[in-house]
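>>> Quick one, fold the following:
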Amino acid sequence: MELKNKVFLITGSAGGLGKAFAQKLLARGAKVCISDVKVTMGLETEQEFASEYGKGNVLFQELDVTSEPNLRLVWENTESYFKDKIYCLVNNAGVMGEREGWRLCLDINLTSVMQASTLAVEKMGKSSGGEGGTIINIASILGLFCAQQPKGFPYNVSKSGVVTMTRCMGSKDFYAREGVRVLCLCPSVAQTPILEACTQQEITKMSKDVGGIMSPDHVANAFMSLVENGKTGNVMAVWVNSPPYYIPDTGMALFIVYTTCAMILSWVPGVRSVRPWLMALTVFGIFIQWYLCGKLGAYVYNSIL
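Residues are numbered from 1 along each chain as shown. Just a heads-up that it's a prediction; the model follows:
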């Protein structure tokens, strides 16, 4: 995919993963608006990138992602500065939730992502006169399954919501209507400022649990692969010392299997609720029945011949 001169807006990008994403994009010739609540760090990053990639290719904007008016202003300032429409919104801003509390954790990690994505569709969607574009949501592997998390469950809940939102918005029908591709990146633990909310003991434990902490550059390489090759609705995971890999949405298939088992078991006297072991037994029974029917059919066929 040709990225030269395409405009990207990345939230929470003064440092950490957002900065690494911006650097990769700028190196490919894209134009990037770095946005963050950390003004001093943001201005330093802007100056660093401007000296390397040119002042006209990078912009810093102060942004509180929980504020819709602030987000709209940054969007307008970005398009005005680069004299072009934003091609891609990267929802990267996030917190662990320890210092912020669960409400603000959800506001930053989930509500703001929905808010920004809604604005992006309003601006880029073909139904409102836009030219289409891309939204990339940065979630976490903790949004893909239930697991213990050192700072509690709000972070997991927020990232699970981001994954589900991506898959809902990333449907082919939505893309056909709006021309907006919606993608999600789910990294394992990376060395970023978000870890400042954790103690060294917690970081050490997390590192052991996931086989090591990744560098931002490793995650950024996966990000670029998703930007260039991802299809709408794709969810990509990033693990240490391995290539990035796509996680298919198996929810509907499993739901159909479970529901079918429940419907079969509704004919069994005494079954008031269906436990997982009973579903597994039902699936096993279906395969045994299929096997025996096949054997019987072969026997009858051969007997007739």
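>>> can you list the weak-confidence ranges in this protein?
Filtered on pLDDT under 70, the chain yields the residue ranges 148-151, 194-197, 207, 210, 305.
>>> One more pass at 90, please.
Filtered on pLDDT under 90, the chain yields the residue ranges 1, 96-100, 145-153, 189-214, 270, 279, 283, 285-287, 289-292, 294-305.
>>> in its sheet, what does the top strand by length along it sit against?
As assigned by DSSP state E, the longest strand anywhere in the chain is strand 180-187. Strand pairing for strand 180-187, determined by DSSP bridges: strand 133-138 (parallel), strand 235-238 (parallel).
>>> ranking those by burial, who's on top?
Burial of the strands paired with strand 180-187 is given as mean neighbour count (mean count of other Cβ atoms under 10 Å); strand 133-138 ranks first at a mean of 24. Glycine gets a C-beta too; all of them are placed from N, C-alpha and C.
>>> next structured bit after that strand?
Next helix or strand after strand 133-138 toward the C-terminus (DSSP states H and E): helix 154-169.
>>> Now do that following helix: which elements does it pack against?
helix 101-106, helix 112-124, strand 133-138, strand 180-187, strand 235-238 (3 or more Cβ pairs under 8 Å, 6 or more residues apart in numbering; DSSP states H and E).
>>> Mind putting these into JSON lines with distance to Val74?
What follows is those, written out as JSON lines (distance: least, Cβ to Cβ, whole Å):
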{"stretch": "helix 101-106", "distance to Val74": "20"}
{"stretch": "helix 112-124", "distance to Val74": "10"}
{"stretch": "strand 133-138", "distance to Val74": "15"}
{"stretch": "strand 180-187", "distance to Val74": "19"}
{"stretch": "strand 235-238", "distance to Val74": "26"}
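>>> Map the structural domains onto the sequence of this protein.
7-249, 252-304 (automatic domain parsing).
>>> Any idea which of these gets closest to Met1?
Closest of these to Met1 is domain 7-249, at 4.4 Å (criterion: Cβ to Cβ).
>>> what about Val300, which helix or strand?
Val300 is part of helix 276-304 when elements are defined by DSSP H and E.
>>> most packed of the domains of the chain?
The most buried one of the domains of the chain (mean count of other Cβ under 10 Å) is domain 7-249, showing a mean of 19.
>>> First residue to last residue on that one, what's the distance there?
End-to-end distance for domain 7-249, by Cα to Cα, to the nearest Å: 30 Å.
>>> pretty sure Met206 belongs to a strand, no?
No - applying DSSP: H, G, I helix; E, B strand; the rest coil, one finds Met206 to be helix, outside a strand.
>>> Surely it and Val189 touch.
Yes - taking Cβ atoms under 8 Å as the definition, Met206 is a contact partner of Val189 at 5.1 Å.
>>> Show me the common contact partners of the two, please.
Ile213 (Cβ atoms under 8 Å, 6 or more residues apart in numbering).
>>> Find the centremost residue of this protein, please.
Cys184 (2.6 Å; Cα atoms, centre = their mean).
>>> phi, psi of Met252?
Taking degrees, to the nearest 10, you get phi -70, psi -40 for the backbone angles of Met252.
>>> Over to Pro269?
phi -60, psi 140.
>>> Which strands or helices does the helix holding Val300 pack on?
Right, helix 276-304 is packed against helix 251-265 by 3+ Cβ pairs under 8 Å, 6+ apart.
>>> Figure out the helix or strand that Ala14 lives in.
Applying DSSP H and E, one finds Ala14 in no helix or strand.
>>> hmm, back to that, now do the longest strand of the chain against helix 112-124, angle only.
150 degrees (axes from the mean of the first three to the mean of the last three Cα atoms, to 10 degrees).
>>> Can you give the distance from strand 180-187 to the centre of its chain?
Centroid separation for strand 180-187 versus its chain: 5 Å, with Cα atoms, centre = their mean, to the nearest Å.
>>> How about stretch 228-235?
How far stretch 228-235 lies from its chain's middle: 10 Å, per Cα atoms, centre = their mean.
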